[in-house]
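A.B. asks: 3D, please:
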Amino acid sequence: MQLNINLASRPYEDARRFYMQWVPLLLVLLALTVFLSIKAYGSLQEWRATEYAIAREQAKIDTLDAERKKAAELLAQPENSGTRDHSRFLNAVFAKKAFSWTQVMTDLEKLLPNGVQVVSIKPELNREGQLQFTLVVATDRRDAAVELVRRMENADRFQSALIRSESRKDETQGMSLNFEIGALYVPERPAR
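C.D. replies: Take a look at the predicted model:
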């Protein structure tokens, strides 16, 4: 038997070595591709479910907005002015009732730096129906008042705290500086 092998035109190739190196790598890449495709499909399904839930909630919000608009139109009629005024009065009373003096004093006790005394607290409702209070404090050092405002900004119950005014008073009474601080108060939510 005669073998006719011309190595110049058909060089010798070790195909077994090629397949032993590249087939496992291709199998790993194929498994990774399948895994990532399954994960992407799962993420797509999760995204669709979230979009559907958002659309449902938006439909509920739109329905409630339409009901609120109808109720506002009904209350705006002249014959319902007594009910509207009574409703506004009661809503203001309930909002003021949410202002807990005990809770505010407890919160302030935790926040007050040394050398700062509370002179007065005046709660009131702003136009958005939020409880806003004006706090007057007395201290000898301006940095103590700034520290109080910084602490109030980081607290859960106080928002948008800022020093509105600063005044000097007679030093014979003790503290020489008065600061008027304004802040929004977020009352504690009742447990349900």
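A.B. asks: next one: phi and psi at residue 134?
C.D. replies: phi -110, psi 120 (degrees, to the nearest 10).
A.B. asks: State the phi and psi torsions of the residue lying closest to it once chain neighbours are set aside.
C.D. replies: Take residue 134 and drop its neighbours on the chain: the residue closest to it by CB to CB, 6 or more residues apart in numbering is residue 122, 4.6 Å away. C-beta here means a position set from N, CA and C on the backbone, and glycine is covered the same way. With angles defined as degrees, to the nearest 10, residue 122 sits at phi -130, psi 100.
A.B. asks: Kindly report the same for residue 183.
C.D. replies: For residue 183, the backbone dihedrals (degrees, to the nearest 10) come out as phi -160, psi 150.
A.B. asks: And residue 136, by the same measure?
C.D. replies: Per-residue torsions, residue 136: phi -110, psi 120 (degrees, to the nearest 10).
A.B. asks: residues touching it, list them.
C.D. replies: By CB atoms under 8 Å, 6 or more residues apart in numbering, the contact set of residue 136 is 118-121, 178-181.
A.B. asks: Per-residue pLDDT of residue 191, please?
C.D. replies: Note on residue 191: pLDDT of 54.
A.B. asks: from the contacts of residue 136, which is closest to residue 34?
C.D. replies: residue 181 (61.5 Å; CB to CB).
A.B. asks: Wait, the closest one touches residue 158, no?
C.D. replies: No: in this structure residue 181 lies outside contact range of residue 158 using CB atoms under 8 Å: 9.4 Å.
A.B. asks: Just confirm residue 127 is within a strand.
C.D. replies: No: counting by DSSP: H, G, I helix; E, B strand; the rest coil, residue 127 falls outside a strand, being coil.
A.B. asks: Roughly how far does it sit from residue 92?
C.D. replies: For residue 127, the distance to residue 92 equals 12 Å [CB to CB, to the nearest Å].
A.B. asks: do the same with residue 41
C.D. replies: Taken as CB to CB, the span from residue 41 to residue 92 is 54 Å.
A.B. asks: which residues are in contact with both of residue 181 and residue 158?
C.D. replies: residue 152.
A.B. asks: Perfect, that will be all.
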